[in-house]
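> Okay, predicted coordinates and the sequence, questions at the end:
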Amino acid sequence: MIIDRRHLLRVGGAAVIAAGEPPHSQAQAPRDSDPQGTPPQPAGTGLNEVPDHTIRIGTSLLELGSDTTISTTLYDGQFPGPLLRLTEGKRVVIDIHNDTDTPGQLHWHGQFVPADVDGAAEEGTPFISAHGMRRIAFTPRPAGLRFYHSHLTAGAHLSLGLYSGQIGLVYIEPRREPGAYDREVFLTLKEFGPYLSRTEMTLDFLAPTATIPELEASQKAAMLDALKAGRQQGYEPAYNFFAINGRTLGQGEPIRVKAGERVLFHVLNASASKIRSLALPRHLFQVVALDGNLVPHPTAVPVLWLGTAERITAIVEMKHPGVWVLGETVDEDRKRGMGIVVEYAGAKGEPQWQEPEPFRWDYRRFAKPDADAAPPEETIVLTIAARIGARDGFDEFTVNGTSFSMKAMQPRFHLDNGKRYRLLVRNATDDTHPIHLHRHSFEITSIVGMPTAGVIKDVAMLGGSQEMTLDFTADQPGLSLFHCHMQAHMDAGFMALFDCV
Ligand SMILES: [Cu+2]
């Protein structure tokens with residue numbers, strides 16, 4: 001791994017200033033060339049401070065149900081990890097202990113934090129050494145539902161990264177609440193027991209449905225190439241166990257509600273690879289925030305769809321008493337455990353499920369009506385393509401023809417600090433990719449050429465043979481990672497770096 005030391009010093013300086021502290025001589029040391037080794041511990045905070053939170057990474061047993069216990073790596077031995085309630089703008093000090101034999105990275109998804117605490121080796125964040133500890137400090141922002149998770153490359157090691165149980169929610173208390181509610185419920189959707197499969201179910205749920213002929217043609221050419229070379233479709237992860245908040249359907253405590261209550265649901269799809277949908281029979285979800293950011297046009301929908309790492313905050317008015325399954329709309333996954341029971345006070349009987357009417361998920365539903373985004377100062381085109389089955393049996397991905405390499409730190413794009421950029425992301429594959437930009441939020445400004453404005457996110461699902469534009473202001477000095485949030489895709493090259501100076 002080659003990282004310019006001066007660059008790290010610069011990034012480190014920003015971190016220290018952001019933390020409101022004098023520069024620290026050991027704040028940044030050269031990176032160990034061996035990512036499995038023990039890098040020096042940059043402090044970023046004084047060692048005499050008392051941490052506000054302590055998180056322990058460790059491998060332990062997790063009981064998903066009365067007859068199902070698995071072993072996985074967790075935060076504080078629980079799933080999800082502890083819910084961290086932070087205050088926007090109020091600095092926190094966090095100690096992260098790594099009780100495993102593998103160097104770790106803990107990523108603060110959706111927050112605007114310096115690169116040396118963000119938790120991505122690609123950006124230069126030091127590893128939390130095996131059986132070591134790292135103390136970090138940052139100022140939480142923006143307000144809303146964020147999360148933290150492992151950010152390691154896993155490849156075929158299905159105990160690492162997002163395949164593990166290393167997921168925890170962060171709720172950054174907003175200055176104004178998203179709406180009146182009586183009860184708050186956090187739901188983390190996640191599968192366990194991953195294995196490699198070559199079968200994959202395609203979901204047709206996104207709107208708009210238009211595709212770009214040129215992208216379709218290059219995707220078909222890639223299929224033909226694979227066929228000629230005798231390569232099979234790449235591996236996709238599949239799972240043995242399905243759970244919400246770490247319990248399979250019917251095995252955990254139900255969500256107990258009363259008729260007339262307004263329940264605020266905070267939902268995270270913590271899957272390593274699966275897009276999820278969720279419905280509650282006879283109830284609607286009034287979506288108030290996407291990825292923790294209030295939407296300009298709160299709207300009621302019968303089904304929620306979430307790509308990996310996406311969050312939805314929605315209010316449900318409880319007005320149909322009964323015992324219901326709040327569950328995945330894909331029957332097989334719900335029957336295998338992806339659901340939770342909602343029980344009205346006084347209601348009895350078996351939990352009921354009803355299939356919702358067909359419904360397409362469209363981010364534009366929550367956008368500013370009839371508004372266009374302001375034009376950016378510069379547009380960067382990112383074309384995503386796949387070489388089917390070309391990397392150790394997995395599909396290999398490229399961004400503008402280059403598969404991400406940690407050694408070369410490519411592909412990499414330069415950004416000027418303060419400038420407004422538009423990413424035109426073009427998907428020359430047939431997969432839906434939940435694409436994520438670290439350390440920033442972006443505004444969705446068009447989907448397959450159809451303009452929209454006002455929906456602010458940090459992950460967006462990009463449909464097969466489609467393109468979308470994402471606008472953001474480059475205001476985070478140093479490196480920021482852009483990648484697909486499907487673990488197998490990011491591991492196989494679907495990553496790029498933005499270098500902001
Ligand atoms: Cu992907």
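Yep, that arrived.
> close enough to count as contact, Glu261 and Val185?
No: using CB atoms under 8 Å, Glu261 is not in contact with Val185, being 10.8 Å away. For the C-beta atoms, the positions are set from N, CA and C on the backbone; glycine is no exception.
> what touches both of the two?
Both Glu261 and Val185 lack any common contacting residue under the criterion CB atoms under 8 Å, 6 or more residues apart in numbering.
> Angles on the backbone of Arg422, please.
The main-chain torsion angles of Arg422 are listed as degrees, to the nearest 10 and equal phi -120, psi 120.
> Using the three-state scheme, assign the closest residue to it other than its chain neighbours.
Nearest non-adjacent residue to Arg422, counting by CB to CB, 6 or more residues apart in numbering: Pro376, 3.8 Å away. At Pro376, secondary structure determined by DSSP: H, G, I helix; E, B strand; the rest coil is coil.
> hang on, isn't Pro376 packed against Arg420?
Yes: under the criterion of CB under 8 Å, Pro376 is in contact with Arg420, at a separation of 4.7 Å.
> neighbour count winner among those two?
A direct count of neighbours by other CB atoms under 10 Å for Pro376 and Arg420 places Pro376 higher, at 19 against 16.
> Flag the shaky bits of this protein, pLDDT-wise.
Low-confidence segments of the chain, defined by pLDDT under 70, span residues 1-47, 175-178.
> mind running it again at 80?
Segments of the chain classed as low confidence (criterion: pLDDT under 80) are 1-48, 174-179, 200-201.
> Quick check on the residue of it positioned farthest from its centre: phi, psi?
Within the chain, Gly346 marks the point farthest from the mean C-alpha position, 37.5 Å out by CA atoms, centre = their mean. Note on Gly346: its backbone torsions stand at phi 90, psi -10 [degrees, to the nearest 10].
> Tell me who's in contact with it.
Gly346 is in contact with Pro321, counting by CB under 8 Å, 6+ apart.
> repeat that with 10 Å
Neighbouring residues of Gly346 by CB atoms under 10 Å, 6 or more residues apart in numbering: Lys258, Ala259, Pro321.
> Return a ChimeraX selection command for the buried portion of those.
Buried members of these, defined by 16 or more other CB atoms under 10 Å, are picked up in ChimeraX with:
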select :321
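> what's the overlap in contacts for Pro376 and Arg420?
Joint contacts of Pro376 and Arg420 (CB under 10 Å, 6+ apart) are Glu443, Asp471, Phe472, Thr473.
> State the distance from the closest residue in space to Asp430 that isn't next to it in sequence to Leu74.
Excluding the flanking residues, the one nearest Asp430 by CB to CB, 6+ apart is Gly464, at 4.0 Å. Separation of Gly464 from Leu74 (CB to CB, to the nearest Å) stands at 34 Å.
> Have a look at the two and say which one is more surrounded.
Leu74 (23 against 18).
> which SSE is the more buried one in?
Leu74 belongs to strand 68-75 when elements are defined using DSSP states H and E.
> Please apply the same query to Gln219.
Under the criterion of DSSP H and E, Gln219 resides in helix 213-228.
> and the helix or strand following that helix, how far from the chain's centre?
As assigned by DSSP H and E, the chain's next helix or strand after helix 213-228 is strand 236-244. Offset of strand 236-244 from its chain centre (CA atoms, centre = their mean, to the nearest Å): 17 Å.
> tell me which parts of this structure are close to the ion?
Taking CB under 5 Å from the ion as the criterion, the neighbours of the ion within the chain are His433, Cys484, Met486, His489.
> For the first one, grab the count of nearby residues.
Summarising burial for His433: neighbours were counted as other CB under 10 Å, giving 28.
> Contact partners for the closest residue to it other than its chain neighbours?
Once flanking residues are discounted, His433 sits nearest to Cys484: 4.5 Å by CB to CB, 6+ apart. Cys484 makes contact with 307-309, 384, 397, 399, 427, 429, 431-436, 459, 462, 490-495 under the criterion CB under 10 Å, 6+ apart.
> Can you list the buried residues in stretch 361-378?
Neighbour counts using 16+ other CB under 10 Å place Trp361, Asp362, Tyr363, Arg364, Arg365, Phe366, Ala367, Lys368, Ala373, Pro376 of stretch 361-378 among the buried residues.
> Report the two of the residues you listed separated the most.
Farthest apart among those by CB to CB are Trp361 and Pro376. That separation is 25.7 Å.
> end to end, how far does stretch 283-292 reach?
With CA to CA, to the nearest Å as the measure, the first residue of stretch 283-292 is 22 Å from its last.
> Apologies, that question was intended for stretch 461-478.
End residues of stretch 461-478 are separated by 26 Å (CA to CA).
> What about Asn417, how many residues nearby?
Other residues within reach of Asn417 by the criterion other CB under 10 Å amount to 11.
> quick one: which of the contacts of Cys484 sit in helices?
Residues from the contacts of Cys484 lying in helices, with DSSP state H as the criterion: Met490, Asp491.
> now the contacts of Cys484: which count as buried?
In terms of neighbour count (16+ other CB under 10 Å), the buried residues within those are 307-309, 384, 397, 399, 427, 429, 431-436, 459, 462, 490-495.
> hang on, the earlier thing: and the next element down the chain from the strand holding Leu74?
Scanning forward in sequence from strand 68-75, with DSSP H and E defining helices and strands, the next element found is strand 81-87.
> Much appreciated, bye for now.
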